[in-house]
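[1] generate a structure from the sequence data that follows.
(one chain, ligands or ions: 1)
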Amino acid sequence: MARLDCRDEVIVDLFAGIGYFVLPFLVRAKAKLVYACEWNRYAVEALQRNLHANSVAERCVILEGDNRVTAPKGVADRVCLGLLPTSECSWLTAVRALRSEGGILHVHGNVKDSEECLWTEHVSKLLYEIARSEGYCWEVSVEHVERVKWYAPHIRHLVADALTVDAWVYMSLKKIGRITTVLDLHACTT
Ligand SMILES: C[S@@+](CC[C@H](N)C(=O)[O-])C[C@H]1O[C@@H](n2cnc3c(N)ncnc32)[C@H](O)[C@@H]1O
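    Now for the predicted structure:
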């Protein structure tokens with residue numbers, strides 16, 4: 001996250017904790033604004049301290065409570081979903097948080113090593129269906145899957161970077177080779 005350039009971006013972190021992603025987004029990636037959702041008051045207190053210690057508090061809005069209630073709608077260029085073993089409980093909230101043009105979702109999950117491709121497909125299909133149910137004509141393309149670590153024997157912590165974009169824009173991007181779609185490229189070989 002720290003290596004991204006998020007200068008013009010509004011980001012929603014649905015599971016902010018003490019700021020493990022919020023801080024790199026603000027300090028290194030220079031995000032314009034981060035909405036940090038967190039329901040644990042001790043984590044919120046630590047997050048506030050960390051934001052002040054890094055002089056970035058003015059670019060962060062902390063939303064204390066259940067993200068399914070508190071998260072903003074229609075504002076985000078990027079949404080971070082850092083909850084294990086699965087963040088699926090908030091995928092609808094994440095889609096609603098994105099701008100109507102779409103954006104990027106970083107979807108975390110614990111996945112059996114033999115089911116990585118199935119999971120990636122599931123992420124892509126379910127986000128597509130959620131977007132349709134919300135009235136968005138988006139295509140969903142998993143552009144990258146990061147293997148973060150082994151969480152337990154045969155269980156990996158994965159992050160799928162899912163691009164959601166208007167269907168017409170998607171076709172144009174695909175034509176000029178800007179969409180890589182992990183599912184097409186790797187065809188479930190790993
Ligand atoms: C695994 S921690 C991740 C924090 C941070 N993203 C990280 O990687 O260090 C998940 C955080 O999400 C919070 N959380 C879980 N469900 C939530 C919900 N529905 N709404 C808001 N916060 C939630 C927990 O309190 C916890 O601090």
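[2] of all the residues in the chain, which one is nearest the ligand?
    The chain approaches the ligand most closely through residue 17 (2.6 Å), counting by C-beta to the nearest ligand atom. For the C-beta atoms, the positions are set from N, CA and C on the backbone; glycine is no exception.
[3] please name the nearest non-neighbouring residue to that residue.
    Here the nearest residue to residue 17 in space, its sequence neighbours aside, is residue 43; by C-beta to C-beta, 6 or more residues apart in numbering that works out to 5.2 Å.
[4] tally of neighbours for the one you found?
    17 (other C-beta atoms under 10 Å).
[5] likewise residue 128?
    18.
[6] nearest spatial neighbour of residue 165, skipping sequence neighbours?
    residue 102 (4.4 Å).
[7] show me the contacts for the one you found.
    131, 136, 138, 163, 164, 165, 166, 169 (C-beta atoms under 8 Å, 6 or more residues apart in numbering).
[8] could you list the low-pLDDT ranges of this protein?
    179-190 (pLDDT under 70).
[9] contact partners for the most centrally placed residue in it?
    Residue closest to the mean C-alpha point of the chain, counted by C-alpha atoms, centre = their mean, is residue 106 at 2.6 Å. Shown in contact with residue 106 (C-beta under 8 Å, 6+ apart): 1, 78, 79, 80, 81, 82, 159, 160, 161, 162.
[10] mind listing which of these are in strands?
    78, 79, 80, 81, 159, 160, 161, 162 (DSSP state E).
[11] which residue packs closest to residue 146, ignoring adjacent ones?
    residue 159 (4.4 Å).
[12] can you pull up the bridge partners for the one you found?
    residue 108, residue 146 (DSSP bridges).
[13] identify the residues contacting it.
    106, 107, 108, 109, 145, 146, 148.
[14] excluding its backbone neighbours, what's nearest residue 84?
    Closest to residue 84 by C-beta to C-beta, 6+ apart is residue 110, at 5.3 Å.
[15] so that neighbour belongs to a helix, correct?
    No. Assigned with DSSP: H, G, I helix; E, B strand; the rest coil, residue 110 falls outside any helix and is strand.
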